[in-house]
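Undergrad: I would like the atomic coordinates for the input below:
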Amino acid sequence: LLAQESATGELIDYTNVIIEEADRLHNLVDRLVGSRKPPELKEINIHEVLERVRSLVSAEISGNGIKLAYDYDPSIPSIVADAEQMIQAMLNIVRNAMQSLSSPDIDHELGEIMLRSRIVRNVTIGSKFHRLAASLDVIDNGPGIPTDMIDTIFYPMISGRPDGTGLGLPITHGIINQHSGMIEVESKPGNTKFSVLIPISNQN
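TA: Purely as a prediction, here's the structure:
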């Protein structure tokens, strides 16, 4: 509207800058939040996803007093998912745990993040019943999520850190929803658990 009403060349230049920057930031947020295209689904081993996340994070926590442990159930069959998107989703949760363990509220010397996989039976996700699902847990012994934030952490731009973007967990939430899954969180001081449930499709 400003561009249409601006009569002078200088004002048109200014409005063009505003328009171009708004478009650039719009595209940037689209890339951060993820495109609307559906995931490229194929059979994957969920433990390959978790191991990729573990290898990416191991370098980041080296020397930071954080232990990264894992407890996998090898009997979990393949799931149908987009491997790259699942890596991003789980990586965001683990990085969130890493950041909480860097909090000044920590009153112990060793932070620990546990990656755990299990099969859950007879679970309802949304309104759909699934006989089998894979449960992927990320557990940390950090200070916990403040009670006034627990209901909003999956909303964009909500962050407990002054330098946080508030985009990591909403991106994860969007990816899990695209996979017909569900993400839940339980938190108290010393124990925060994010649980991702993904249906196991080949249920004979």
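Undergrad: from the middle of its chain, how far away would the lengthiest helix in the chain be?
TA: Of all segments of type helix in the chain, defined using DSSP state H, the longest is helix 9-33. Relative to its chain's centre, helix 9-33 lies at 28 Å (C-alpha atoms, centre = their mean, to the nearest Å).
Undergrad: which neighbouring elements make contact with that helix?
TA: Contact here means 3 or more C-beta pairs under 8 Å, 6 or more residues apart in numbering; DSSP states H and E; on that basis helix 9-33 packs against helix 2-5, helix 168-178. C-beta coordinates here come from the backbone N, C-alpha and C atoms, glycine included.
Undergrad: list of residues touching stretch 177-189?
TA: Contacts of stretch 177-189 with the rest of the structure, by C-beta atoms under 8 Å, 6 or more residues apart in numbering, involve 38-39, 81-82, 85-86, 125-126, 128, 133, 143-145, 150, 153-154, 172-173, 176, 192-199.
Undergrad: want to try CSV for the helices and strands packed on helix 9-33, with mean neighbour count, mean pLDDT and distance to residue 98 as columns?
TA: Supplementary listing: the helices and strands packed on helix 9-33 in CSV, determined by neighbours: other C-beta atoms under 10 Å; pLDDT from 0 to 100; distance: least, C-beta to C-beta, whole Å:
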stretch, mean neighbour count, mean pLDDT, distance to residue 98
helix 2-5, 10, 78, 44
helix 168-178, 20, 90, 11
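Undergrad: could you list the low-pLDDT ranges of the protein?
TA: Within the chain, the stretches falling below the threshold (pLDDT under 70) are 6-7, 27-37, 103-109, 157-166, 202-204.
Undergrad: report the central residue of it.
TA: residue 172 (3.1 Å; C-alpha atoms, centre = their mean).
Undergrad: name the helix or strand for residue 96, please.
TA: Per DSSP states H and E: residue 96 is located in helix 83-101.
Undergrad: thinking again about what came up before, now intersect the contacts of stretch 177-189 with the helices, please.
TA: In helices, defined here by DSSP H, the members of the contacts of stretch 177-189 are 85-86, 172-173, 176.
Undergrad: follow-up on the earlier one: buried among the contacts of stretch 177-189? Need that as a selection in ChimeraX.
TA: Per 16 or more other C-beta atoms under 10 Å, the buried members of the contacts of stretch 177-189 correspond to this ChimeraX selection:
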select :39,81,82,85,86,125,133,143,144,145,153,154,172,173,176,192,193,194,195,196,197,198,199
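Undergrad: of the contacts of stretch 177-189, which belong to strands?
TA: Using DSSP state E, the subset of the contacts of stretch 177-189 located in strands is 81, 125, 128, 133, 192-199.
Undergrad: and of those residues, the nearest to residue 43?
TA: Of all the ones in strands among the contacts of stretch 177-189, residue 43 sits closest to residue 81, with 8.4 Å by C-beta to C-beta.
Undergrad: measure that closest one to residue 144 for me?
TA: Relative to residue 144, residue 81 is positioned 29 Å away (C-beta to C-beta, to the nearest Å).
Undergrad: what does residue 1 give?
TA: Between residue 1 and residue 144 the computed distance is 47 Å (C-beta to C-beta).
Undergrad: quick check: angle from the longest helix of the chain to helix 168-178?
TA: For helix 9-33 against helix 168-178, the angle between stretch directions is 60 degrees (axes from the mean of the first three to the mean of the last three C-alpha atoms, to 10 degrees).
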